[in-house]
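Asker: sequence unknown, structure follows:
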């Protein structure tokens, strides 16, 4: 990505992936008494950390590319919007949360444009780099599927189950 600008989408979206990880780490700590739920959220958080690391590795691989053109959906405005949405969850400082509330937040995050942008950012280096980067961690689609499949084990809320089906 030849020209230097103040907005580097790989850096910014790596930061956003880390914010999502913080949300999920918080959930894991809020469910310490329920080992299966605690471990589920911990794994989700670790996968978000992987996504951040993969974006930063991709940045290093393509640092000197001259002809990269960003998709218009990957804008500083979109990054700021997603960052604010996720930061709002963290600012709540929730001392406790129900299982349903945690899944509702996760469905909102995972249903956002973040995963689509993540996939587009991986494509910046071309198909070979994208495939290599994707193989380094858990793809966002698998993570969404795990969220969807796990929800019925922890909640029978019909509204949440319907939202998970739309994910």
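Answerer: Right, received. Where do you want to start? Remember, predicted model here, so these are calculated numbers, not experimental data. Residues are numbered from 1 along each chain as shown.

Asker: so for the lengthiest helix in the chain, what gets flagged as buried?
Answerer: If you go by DSSP state H, the chain has its longest helix at helix 35-62. The neighbour-count check on helix 35-62 (16 or more other CB atoms under 10 Å) flags 37-38, 40-59, 62 as buried. All C-beta atoms are positioned from the backbone trio N, CA, C, and that covers glycine.

Asker: which parts of the chain are strands?
Answerer: Assigned strands in the chain: none (criterion: DSSP state E).

Asker: contact partners of the lowest-mean-pLDDT helix or strand in the chain?
Answerer: Within the chain, confidence by mean pLDDT, DSSP states H and E is lowest for helix 127-136 among all helices and strands, at a mean of 77. Helix 127-136 is contacted by residues 50, 54, 57, 58, 61, 62, 122, 123, 125 when judged by CB atoms under 8 Å, 6 or more residues apart in numbering.

Asker: try it again at 6 Å.
Answerer: Residues from elsewhere that reach helix 127-136, judged by CB atoms under 6 Å, 6 or more residues apart in numbering: 54, 58, 61, 122, 123.
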